[in-house]
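Chemist: Sharing a model prediction with you, sequence too.
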Amino acid sequence: MVKNRLSNYEKYLYAFMDLVIFDLVLFINFKVTFGSLNGLFQTKYGVLLLFVNFAWLLAFLIIDSIVDNRRIRTSRALWDFLRSFLLNLLFTLSFIALLNIQYNREFLLGSYLIFFFTGAIARVIARQYVKSYREKGYNFRRMVVVGINDFSQDFVKEISSRKDYGYRFMGYFDLDDISEVTELDGSYDHVDNIYNFLLENRIDEVYISMPTKSSFHIKALIKFCHLNFIKVNFLNETIHALSNRSVYLNVDYNGLTPIVSLAKEPLEVTSNRFLKRVFDLVFSTLVLVLIFPWLLPIVGLLIKLESKGPIFFKQQRSGINYSPFGCYKFRTMRVNALSDKKQATKDDPRITKIGSFLRKSSIDELPQFINVFLGDMSVVGPRPHMLEHTRMYAKLISPFVVRHWVKPGITGLAQAKGYRGETKEVKQMLDRVKMDVFYIQHWSLFLDARIIWKTVVNMLTLQKTGF
């Protein structure tokens, strides 16, 4: 009897769980909004319910979630959920617009908001439960390693120590004679004996440590595994070393020849840039509509009472690809001729009393949400510098150019970590640049949300410490 070792059942269980939660939210919110479930399937809302279910399955398939990967982090599983959620929302809004059907906005907005939070929480709880279940010795996958070297042995030790992955190591196989192998953590056998072993022990996965001494044995082994539904993985020390240095890799093909190349940065991907821009537009609109109307008169009056000059200060700064743009701030200094050249320092006599408070609380940066709305900046990203400082640091710090691959931000990882204020030494700027480069290489909406949260906490507590 053929076993289905490569079944994606776990992935579809997550999709089913999401659908059940989504439908429960829709049903409950419908009853709360309209007072009864009567006529739900006889009205336009019945059509919407059916379409939403179809759209969720379609979005889930398009995203091709890897939530069933035992080794991925929970944050990656949440990222897959968020992408499916946004794609489903796009499908639903397009459906409503095309058919020109009027639905209760409170019902729609409430349903999606509730599902977003309950679905994400359920995804986290489900993954934690599965991890705990595997730690107890259940739902495991049997694995063997072909090729004995320091790297493959380190891999076995690492994966065996992570009980929550649910792997059971069954032994090594190699071409070498057993008498030549010493101090080996695990059983050993010759690769010629692997075929019967794989079937008798119902092995689920084979890990081949590259390079190996015989391509003939490897080709035969791969073919055998495919015929018997055994997953084949490859271990490569060079690729692993690159990954540990935050270099992302991508596998492409030239005909039948696989080519491992450096992968794109996350924000080089069009869909990621689109998601970040949508987030920026929504976030900046909320700030400009909900906060600015009442904050502007208060801050503006205090600025005017203390010193003459405009409420806003507009300064040319370096944006994406070094393109200059006018960056807005609340004015925190007395009007002076050096504002575009000289960086503010501690106890700078140009800074007003209200300006000092605005700087410590970061309120002076709030007008930059105008820049975010206009598309010059992002909510989160490397902080923009004066043109003069950009030219100077680009000569002194080689990775400085990398931070201009993306839009500058109102706040960033460096600021959330406590790297703010005056930079007296080049090393201080280098530390910030390292944080900016790390952010660009590891970008995700989850990371953006974490940075925003930490920034808000720092603003409320006037702290400069990192997380």
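Modeler: It's in.
Chemist: Can you name the residues bridging to residue 234?
Modeler: Beta-bridge partners recorded for residue 234 (DSSP bridges): residue 208.
Chemist: and it, how many residues sit next to it?
Modeler: 16 (other Cβ atoms under 10 Å). Glycine gets a C-beta too; all of them are placed from N, C-alpha and C.
Chemist: wouldn't it be in contact with residue 218 here?
Modeler: No: using Cβ atoms under 8 Å, residue 234 is not in contact with residue 218; the gap is 9.5 Å.
Chemist: Overlap in contacts, the two.
Modeler: The contact sets of residue 234 and residue 218 overlap at residue 208 (Cβ atoms under 8 Å, 6 or more residues apart in numbering).
Chemist: mind showing which ranges of the stretch 251-400 of the chain have poor pLDDT?
Modeler: Per-residue confidence for the stretch 251-400 of the chain (pLDDT under 70) gives these ranges: 251-264, 337-347.
Chemist: all helices for it, in order.
Modeler: Shown for the stretch 251-400 of the chain, the helices assigned by DSSP state H, counting those that start in this stretch span residues 270-290, 292-306, 353-361, 368-374, 387-396.
Chemist: Of those, give the one that comes closest to residue 453.
Modeler: When the helices of the stretch 251-400 of the chain are compared by Cβ to Cβ, helix 270-290 sits nearest residue 453, at 12.6 Å.
Chemist: among the helices of the stretch 251-400 of the chain, which is the most enclosed?
Modeler: helix 368-374 (a mean of 20; mean count of other Cβ atoms under 10 Å).
Chemist: Using PDB, write down the CA coordinates of that one.
Modeler: This file holds the C-alpha atoms of helix 368-374, laid out as PDB (Å, rounded to 0.1, in the frame of the first residue of the first chain):
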ATOM      1  CA  GLN A 368       6.100  63.900   8.300                       C
ATOM      2  CA  PHE A 369       2.900  61.900   8.000                       C
ATOM      3  CA  ILE A 370       2.200  64.500   5.300                       C
ATOM      4  CA  ASN A 371       5.300  63.200   3.500                       C
ATOM      5  CA  VAL A 372       4.100  59.600   4.000                       C
ATOM      6  CA  PHE A 373       0.700  60.400   2.500                       C
ATOM      7  CA  LEU A 374       2.400  62.100  -0.500                       C
END
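Chemist: tell me what it is packed against?
Modeler: In terms of contacts (3 or more Cβ pairs under 8 Å, 6 or more residues apart in numbering; DSSP states H and E), helix 368-374 is packed against helix 270-290, strand 324-330, strand 378-380, strand 409-411.
Chemist: Any idea how far the last one is from the middle of the chain?
Modeler: This points to strand 409-411. Chain-centre distance of strand 409-411: 17 Å, with Cα atoms, centre = their mean, to the nearest Å.
Chemist: Mind listing residues that contact it?
Modeler: 362, 365, 368-369, 372, 377-383, 451-452, 455.
Chemist: what do you get if the cut-off is 7 Å, keeping everything else the same?
Modeler: 365, 368-369, 372, 377-383, 451-452, 455 (Cβ atoms under 7 Å, 6 or more residues apart in numbering).
Chemist: ditto for the longest one
Modeler: Applying Cβ under 7 Å, 6+ apart, the set of residues contacting helix 270-290 from outside is 86, 266, 267, 369, 372, 373, 378, 379, 445, 448.
Chemist: now the strands for the stretch 51-200 of the chain?
Modeler: All strands of the stretch 51-200 of the chain, identified by DSSP state E, counting those that start in this stretch, fall at 141-146, 167-174, 188-190.
Chemist: Can you list the strands that the first one pairs with?
Modeler: The partner list of strand 141-146 in its sheet, established with DSSP bridges, is strand 167-174 (parallel), strand 205-210 (parallel).
Chemist: mean pLDDT lowest for which of those strands?
Modeler: Here the strands paired with strand 141-146 differ in mean pLDDT, and the lowest is strand 205-210 at a mean of 84.
Chemist: buried set for the helix or strand that contains residue 456?
Modeler: Residue 456 belongs to helix 445-461 when assigned by DSSP states H and E. Using 16 or more other Cβ atoms under 10 Å as the test for burial, helix 445-461 gives 445, 447, 448, 450, 451, 452, 454, 455, 458, 459.
Chemist: tell me what that helix is packed against?
Modeler: helix 74-99, helix 270-290, strand 378-380, strand 409-411, helix 413-416 (3 or more Cβ pairs under 7 Å, 6 or more residues apart in numbering; DSSP states H and E).
Chemist: Output those in TSV; the columns should cover distance to residue 125.
Modeler: Below are these laid out as TSV (distance: least, Cβ to Cβ, whole Å):
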stretch	distance to residue 125
helix 74-99	10
helix 270-290	25
strand 378-380	27
strand 409-411	30
helix 413-416	27
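Chemist: Residue 18 is nearest to which of the ones you listed?
Modeler: helix 74-99 (7.4 Å).
Chemist: chain center to that closest one: distance?
Modeler: Taking mean C-alpha positions (Cα atoms, centre = their mean), helix 74-99 and its chain are 16 Å apart.
Chemist: Now do the buried residues in that helix.
Modeler: 76-89, 91-92, 95-96.
Chemist: What helices and strands are in contact with it?
Modeler: Checking 3+ Cβ pairs under 7 Å, 6+ apart, helix 74-99 ends up next to helix 44-63, helix 105-135, helix 445-461.
Chemist: Pretty sure residue 335 sits against residue 309.
Modeler: Yes: at 4.3 Å, residue 335 counts as touching residue 309 under the criterion of Cβ atoms under 7 Å.
Chemist: could the helices and strands packed on helix 74-99 be laid out in CSV, adding distance to residue 12 and mean pLDDT?
Modeler: Listed next are the helices and strands packed on helix 74-99 as CSV, based on distance: least, Cβ to Cβ, whole Å; pLDDT from 0 to 100:
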stretch, distance to residue 12, mean pLDDT
helix 44-63, 8, 85
helix 105-135, 13, 89
helix 445-461, 24, 84
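Chemist: Switch these over to TSV; also include distance to residue 206.
Modeler: Listed next are those as TSV, based on distance: least, Cβ to Cβ, whole Å:
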stretch	distance to residue 206
helix 44-63	28
helix 105-135	20
helix 445-461	33
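Chemist: Need the pLDDT of the residue nearest the centre of the chain.
Modeler: With distances taken as Cα atoms, centre = their mean, residue 444 lies nearest the centre of the chain, 2.5 Å away. The model reports residue 444 with a pLDDT of 84.
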